[in-house]
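Colleague: Next input, structure requested:
(4 chains)
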Number of protein chains: 2
Amino acid sequence: MSNTQPKRNATEDDAPTCAGGDHDHQPVKFDDSACERAAAIFRALGEPQRLRLLIMLEARACCVSELAEALSEPLPAISQRLRILKSERIVRSRRQGKHVYYSLADEHISRLVTNGVMHAMEDE
Amino acid sequence: MSNTQPKRNATEDDAPTCAGGDHDHQPVKFDDSACERAAAIFRALGEPQRLRLLIMLEARACCVSELAEALSEPLPAISQRLRILKSERIVRSRRQGKHVYYSLADEHISRLVTNGVMHAMEDE
DNA sequence: CATATACTTGCACAATCCTGCAACTGTTAA
DNA sequence: TTAACAGTTGCAGGATTGTGCAAGTATATG
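Modeller: Residues are numbered from 1 along each chain as shown, chains lettered A, B, ... in the order given. Predicted coordinates:
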């Protein structure tokens, strides 16, 4: 027998670690929904334009027109991106008179953004 | 054209990002390429299947067939995903006999993955 | 009420990306 | 060398997603 195989070569007598989806064991500490939720967050962070928005919001809360002007982009585009970020609970909006101010939802997000950009800067 | 917009001490000069300039204020210090690089990393983390792969690799290095079996997915699919992750320098591969073992590239990535999943679990 | 400002949403087009199958390369064993 | 195993890569199809313009809401002011 090929003992070159790491350890497991059973076809299906041994339940896979976290696949399947039939029953939840607890070999893995992450359930499926958390995995998908995390991926959704990462995906929302995965566009340069949205990320730039978040980087600006990390410094301070901004209203839409402010962001649009700073990034030299049409206001609807900014609004769309903020909408996506908000739908993932990455940003939070509060109305103040005529303006709607956006800010990062919590410290976790802030750290995620910072870590990602830091890593990118170090790496290259 | 009275601007009712909130105070913006910065001039109408757009591009607060330093595309070429060096010394800026302290609002945000990041260049465009870092932003795109970071977005690329986030995007790579932004698919549940890839993220699951990374979560497994966070525990220990695995070879492709091992991952394929654990996740009950065809081997080419796993290989494709690993290829994408490797192209972003998120994972690293080392050959050992017949097998190719993959592992997370560095601690930064590991922390990014952990933070993302943690956040997802807390949030929902 | 009417108007201007601030922002949002709908819709169509284009680009991107994921998936699955098949064929190909590389490595070990006989 | 051949055969079998381990991974990789190429190529459509199909779905998801970003973009831009236009029209729609919402709030404040005259």
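Colleague: use CA for all of it now, contacts and neighbours both
Modeller: Noted.
Colleague: Which parts of chain A are helices?
Modeller: A:32-45, A:48-59, A:64-71, A:75-87, A:107-123 (DSSP state H).
Colleague: With respect to chain B, which of those helices lies nearest?
Modeller: Distance to chain B, taken as C-alpha to the nearest C-alpha, is lowest for helix A:32-45 among the helices of chain A, at 4.0 Å.
Colleague: what's in contact with that closest one?
Modeller: A:21, A:50-51, A:84-85, A:88, A:90, A:113, B:39, B:42-48, B:51-52, B:116-117, B:119-121, B:124 (C-alpha atoms under 8 Å, 6 or more residues apart in numbering or on different chains).
Colleague: quick one: contacts for A:A61?
Modeller: A:A61 neighbours (C-alpha under 8 Å, 6+ apart): A:Y101, A:Y102, A:S103, A:L104.
Colleague: Filter the residues you listed to keep only those in contact with DNA strand C.
Modeller: Contacts with DNA strand C within the contacts of A:A61, counted by C-alpha under 7 Å from any atom of the strand: A:Y101.
Colleague: what would the contacts of A:A61 look like in CSV with neighbour count and pLDDT?
Modeller: Shown next, in CSV, are the contacts of A:A61 (neighbours: other C-alpha atoms under 10 Å in any protein chain shown; pLDDT from 0 to 100):
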residue, neighbour count, pLDDT
A:Y101, 19, 97
A:Y102, 22, 98
A:S103, 23, 98
A:L104, 24, 97
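Colleague: Would you write a ChimeraX line that selects the buried entries of the contacts of helix A:32-45?
Modeller: To isolate in ChimeraX the members of these that are buried, counting by 16 or more other C-alpha atoms under 10 Å in any protein chain shown, one can use:
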select /A:50,51,85,88,90,113 /B:39,42,43,44,45,46,47,48,51,52,116,117,119,120,121
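Colleague: Return only those of the contacts of helix A:32-45 found close to DNA strand C.
Modeller: Among the contacts of helix A:32-45, DNA strand C is touched by B:A44, B:E47 when using C-alpha under 7 Å from any atom of the strand.
Colleague: how about the residues of chain A near DNA strand C?
Modeller: Close to DNA strand C, as judged by C-alpha under 7 Å from any atom of the strand, chain A has residues A:4, A:63-66, A:75-77, A:79-80, A:82-83, A:98-101.
Colleague: farthest-separated two in these?
Modeller: Spatial extent of the residues of chain A next to DNA strand C (C-alpha to C-alpha) is set by the pair A:T4 and A:K98 at 67.6 Å.
Colleague: lowest average confidence, helix or strand, in chain A?
Modeller: The weakest-scoring helix or strand in chain A, judged by mean pLDDT, DSSP states H and E, is helix A:107-123 (a mean of 90).
Colleague: any idea how far DNA strand D is from A:P48?
Modeller: Using C-alpha to the nearest atom of the strand, to the nearest Å, A:P48 is found at 8 Å from DNA strand D.
Colleague: need the contact list for that residue.
Modeller: A:P48 neighbours (C-alpha under 8 Å, 6+ apart): B:C35, B:E36, B:A38, B:A39, B:A40.
Colleague: Columns pLDDT on top of those, output as a markdown table?
Modeller: As requested, the contacts of A:P48 are exported to a markdown table (pLDDT from 0 to 100):
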| residue | pLDDT |
| --- | --- |
| B:C35 | 93 |
| B:E36 | 93 |
| B:A38 | 96 |
| B:A39 | 96 |
| B:A40 | 96 |
